[in-house]
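[1] got a predicted structure plus its sequence, pasted below:
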Amino acid sequence: MGVTASKLNRLIGGGRRINRFGVPSLTPKGYVPVCVGVNDDTRRFIVHTTTLRDADFLEMLCKSAEEYGFCNEGILRIPYEAKHFEEWIIRRARRKMFY
């Protein structure tokens with residue numbers, strides 16, 4: 001029993017949206033792409049916008065501002081171990097399931 005491509009497409013928001021530069025967006029509505037990692041171990045994550053209010057995430061954003069400044073263009077970059085960030089996201093999701 002699997003998920004068909006059309007069903008998955010509906011679940012993540014239908015077809016591709018066009019961003020302000022006229023380029024199709026791969027990020028579903030309500031999510032933000034972030035690039036997390038240090039040195040050569042950098043991975044791309046897509047986090048829900050509600051994550052932006054989380055105290056731990058705000059602390060990571062402060063570290064990012066210290067590292068890259070506020071005038072950084074492009075994807076949001078967070079100088080944090082990608083493996084630890086992924087574990088944090090999983091813990092956060094599990095915590096939300098029980099509340």
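    Cool, got the structure.

[2] and the pLDDT at residue 11?
    We have a pLDDT of 49 for residue 11.

[3] just the helices in the chain please.
    For the chain, helices defined by DSSP state H occupy the ranges 5-11, 55-68, 82-97.

[4] what's the average pLDDT for the last one?
    Computed over helix 82-97, the mean pLDDT rounds to 88.

[5] now what about that helix, what contacts it?
    Outside helix 82-97, the residues that touch it by C-beta atoms under 8 Å, 6 or more residues apart in numbering are 36, 37, 41, 42, 43, 45, 47, 51, 54, 56, 60, 78. Backbone N, C-alpha and C define where each C-beta goes, glycine included.

[6] may I ask which of the residues you listed has the most neighbours?
    Most neighbours among the contacts of helix 82-97, by other C-beta atoms under 10 Å: residue 36, with 25 neighbours.

[7] quick one, what contacts that residue?
    With C-beta under 8 Å, 6+ apart, residue 36 has these contacts: 42, 43, 44, 45, 77, 78, 80, 82, 85.

[8] likewise for residue 41?
    Counted by C-beta under 8 Å, 6+ apart, residue 41 has contacts 81, 82, 83.

[9] what's the closest non-adjacent residue to the first one?
    When you say that, I think you mean residue 81. In space, and not counting its chain neighbours, residue 81 is closest to residue 38: 6.4 Å by C-beta to C-beta, 6 or more residues apart in numbering.

[10] from memory that neighbour sits against residue 79, does it?
    Yes: counting by C-beta atoms under 8 Å, residue 38 touches residue 79, with 5.5 Å between them.
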